[in-house]
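J.: Here is a sequence with its predicted model. Questions after.
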2 protein chains.
Amino acid sequence: MSARKLYELAGKRDNQVFSPYCWRIRLALAHKGLAVQHASWRFTEKDSIAHSGQGAVPVLEDNGQVIHDSWNIACYLDRVYADRPALFDSPMSKGQALFIKHWLEGVIHPAMIKIVIMDILNCLDEKDQAYFRQSREARFGVSLEAFEDKSPEQLQRLRQALAPVRQTLKLQPFLSGQGVGFADFMLLGAFLWTGSVSDTALLESDDPIAHWREELLKSYAGALEGVLRPGF
Amino acid sequence: MSARKLYELAGKRDNQVFSPYCWRIRLALAHKGLAVQHASWRFTEKDSIAHSGQGAVPVLEDNGQVIHDSWNIACYLDRVYADRPALFDSPMSKGQALFIKHWLEGVIHPAMIKIVIMDILNCLDEKDQAYFRQSREARFGVSLEAFEDKSPEQLQRLRQALAPVRQTLKLQPFLSGQGVGFADFMLLGAFLWTGSVSDTALLESDDPIAHWREELLKSYAGALEGVLRPGF
């Protein structure tokens, strides 16, 4: 029995992880070779993570520590398990990864969620659907149906926004350079989030980003087993 | 007499550096405490840098080596002068900085150049103006006058595109974290480029990015002396 437990957002079925923030930590733990017990959590189950002092996942319990927020958890893991493969290999790499996090959350996630919003709704456990619809419609100011945009133009906007990643991956194998780091897990987390709920192909098959994604999925197959939709 | 010489793009007057790529290297050399002789260069003076094997600046001569391209020069400086303050402090920090470079050149520079294109034309040495107009009009597919956009909407688009930087600088003093690195010089290079040619205020005065810029301008005042326009 592991003393380590990760609360992750789940859909209709347990283990259907679809939060980009939870994916980051699942991948980070695998990268560090740290075993963990997974706990499926739904949006409306605020009580079960109340001991973290807030109401969102990921939440990590680790030898009596309770840490929330994917960025905080990544920093914690690198500090406490410094002898294992690094998520950040230097102060500057952590500082720059914080910029990449804000770019992903401010530019890429919003471009993706317009495409997959109804897919997310449809994968949710029934008890979460009203909460999700209400909170997201309040945030977006329109109905989920009106917010959704699966048009070729929206796909093109996402692909265009990803251009700096594409150019980088033409010159080096990972967003973090020659080796994989937390920046890669943050980007892969976005693709696993959308790929966990939706059939829509966000990338052209010959996109260097698709190649990078395939390679990482192979490398982290253990952490993904039984979690992704068939055919992802 | 220094054995080190940097060819930099200049405008009507010598020393009016206005290429973002040249600014990066001027700042990087100052960061490393490396003295350098500056050589003002104009677009049409291809002959004087022919020994670099190509036709663009920055070009650095350093103890018999001739290196061109700002990224290559930064990597060279960190390799050869590894005992001096770092531009990249680790492999991941270099890898991630390459992403930031592509983001700047693909998103931020294009948003800026629409605002300052006529200011650039007006600061050019007369012999460069026809070359600049012809090459840029071919690139943009319209006249420079039609391409220019100093509207509040374009300024807003630039400020919105900078949001991930703004959020990062609310959490740490530099784009590279707690200390300054090449990522900061690449971003500052963009502001020095536009600020060298134009009066248009790209940032609101209470923007955290404006504060970061002020602090860096103070720290690198020696490298900037006599180069910036009065009032920048």
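T.: Ah, there it is. Numbers count the residues shown, from 1 in each chain, chains lettered A, B, ... in the order given.

J.: For chain A, which residues are neighbours of chain B?
T.: Proximity of chain A to chain B is confined to A:86, A:88-100, A:102-103, A:106-107, A:163-165, A:167-168, A:171-172, A:174-179, A:181, A:183 under the rule C-beta under 8 Å from any C-beta of the partner chain. No exception for glycine: its C-beta is placed from N, CA and C like everyone else's.

J.: List the buried residues of stretch A:162-172.
T.: Residues A:Leu162, A:Pro164, A:Val165, A:Arg166, A:Gln167, A:Thr168, A:Leu169, A:Gln172 are the ones in stretch A:162-172 that count as buried (16 or more other C-beta atoms under 10 Å in any protein chain shown).

J.: Hmm, I typed the wrong one, I wanted stretch A:76-91.
T.: A:Leu77, A:Asp78, A:Tyr81, A:Ala86, A:Leu87, A:Phe88, A:Asp89, A:Ser90, A:Pro91.

J.: And for stretch A:27-39?
T.: For stretch A:27-39, using 16+ other C-beta under 10 Å, the buried residues are A:Leu27, A:Ala28, A:Leu29, A:Ala30, A:His31, A:Lys32, A:Leu34, A:Val36, A:His38, A:Ala39.

J.: residues contacting the second one?
T.: When you say that, I think you mean A:Ala28. Residues near A:Ala28 by C-beta atoms under 8 Å, 6 or more residues apart in numbering or on different chains: A:Ile73, A:Ala74, A:Leu77, A:Leu87, A:Phe182, A:Phe185.

J.: among those, which are in helices?
T.: Judged by DSSP state H, helices contain the following of the contacts of A:Ala28: A:Ile73, A:Ala74, A:Leu77, A:Phe182, A:Phe185.

J.: Between those, which sits nearest A:Arg4?
T.: A:Arg4 has its nearest neighbour among these in A:Leu77, at 10.3 Å by C-beta to C-beta.

J.: measure the closest one to A:Gly33 for me?
T.: A:Leu77 sits 11 Å away from A:Gly33, going by C-beta to C-beta, to the nearest Å.

J.: Can you give the domain ranges for chain A?
T.: For chain A, automatic domain parsing gives the domain ranges A:4-80, A:91-224.

J.: Skipping adjacent residues, who's closest to A:Ser48 in space?
T.: Once flanking residues are discounted, A:Ser48 sits nearest to A:Trp41: 6.4 Å by C-beta to C-beta, 6 or more residues apart in numbering or on different chains.

J.: Name the residues of the lowest-mean-pLDDT helix or strand in chain A that are buried.
T.: Least confident helix or strand, chain A: helix A:221-224 with a mean of 88, by mean pLDDT, DSSP states H and E. Using 16+ other C-beta under 10 Å as the test for burial, helix A:221-224 gives A:Ala223, A:Leu224.

J.: That one packs against which elements?
T.: In terms of contacts (3 or more C-beta pairs under 8 Å, 6 or more residues apart in numbering or on different chains; DSSP states H and E), helix A:221-224 is packed against helix A:20-31.

J.: after the helix it packs on comes which helix or strand?
T.: For helix A:20-31, the succeeding helix or strand toward the C-terminus, using DSSP states H and E, is strand A:37-41.

J.: so how far does stretch A:37-50 reach from one end to the other?
T.: 18 Å (C-alpha to C-alpha, to the nearest Å).

J.: Next one: A:Pro164 from A:Phe99, what distance?
T.: Separation of A:Pro164 from A:Phe99 (C-beta to C-beta): 12 Å.

J.: A:Asp128 too?
T.: Distance from A:Asp128 to A:Phe99, counting by C-beta to C-beta: 32 Å.

J.: who has more neighbours, these two?
T.: Just comparing A:Asp128 and A:Phe99: by other C-beta atoms under 10 Å in any protein chain shown the higher neighbour count belongs to A:Phe99, 26 against 19.

J.: Looks to me like the more buried one is in a helix.
T.: Yes. Checked against DSSP: H, G, I helix; E, B strand; the rest coil, A:Phe99 lies within a helix.

J.: my guess is the residue nearest to A:Ser48 meets A:Leu9, correct?
T.: Yes. Using C-beta atoms under 8 Å, A:Trp41 makes contact with A:Leu9 at a distance of 6.0 Å.

J.: what do these two both touch?
T.: What both A:Trp41 and A:Leu9 touch, as defined by C-beta under 8 Å, 6+ apart, is the set A:Val57.

J.: Check what pLDDT the closest residue to A:Ala97 other than its chain neighbours gets.
T.: In space, and not counting its chain neighbours, A:Ala97 is closest to A:Ala183: 4.9 Å by C-beta to C-beta, 6+ apart. Per-residue pLDDT puts A:Ala183 at 98.

J.: how about a markdown table for the contacts of A:Ala28, with distance to B:Leu217 added?
T.: As requested, the contacts of A:Ala28 are exported to a markdown table (distance: C-beta to C-beta, whole Å):
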| residue | distance to B:Leu217 |
| --- | --- |
| A:Ile73 | 37 |
| A:Ala74 | 33 |
| A:Leu77 | 37 |
| A:Leu87 | 33 |
| A:Phe182 | 31 |
| A:Phe185 | 35 |
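
J.: How confident is the prediction for A:Met1, by pLDDT?
T.: The per-residue pLDDT reported for A:Met1 equals 47.

J.: And for the one 4 residues further on?
T.: The per-residue pLDDT reported for A:Lys5 equals 96.

J.: same thing with the one 3 residues further on?
T.: pLDDT recorded at A:Glu8 is 93.

J.: Check which helix or strand it maps to.
T.: For A:Glu8, the host element (DSSP H and E) is strand A:4-9.

J.: list the helices and strands that strand packs on?
T.: helix A:20-31, strand A:37-41, strand A:59-62.

J.: try 6 Å
T.: With contacts defined as 3 or more C-beta pairs under 6 Å, 6 or more residues apart in numbering or on different chains; DSSP states H and E, the packing partners of strand A:4-9 are strand A:37-41, strand A:59-62.

J.: which residues are contacting the helix or strand just after the last one?
T.: Yep, that's strand A:59-62 we're talking about. Next helix or strand after strand A:59-62 toward the C-terminus (DSSP H and E): strand A:65-68. Residues outside strand A:65-68 that contact it (C-beta atoms under 6 Å, 6 or more residues apart in numbering or on different chains): A:His51, A:Ser52, A:Gln54, A:Val59, A:Leu60, A:Ile73, A:Tyr76.

J.: One more pass at 10 Å, please.
T.: A:4-5, A:7, A:21, A:25, A:49, A:51-61, A:73-77, A:80 (C-beta atoms under 10 Å, 6 or more residues apart in numbering or on different chains).

J.: Can you select the buried ones among these for me in PyMOL?
T.: The PyMOL command for the buried members of these (criterion: 16+ other C-beta under 10 Å) is given here:
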select buried, chain A and resi 7+21+25+49+52+56+57+58+59+60+61+73+74+75+77
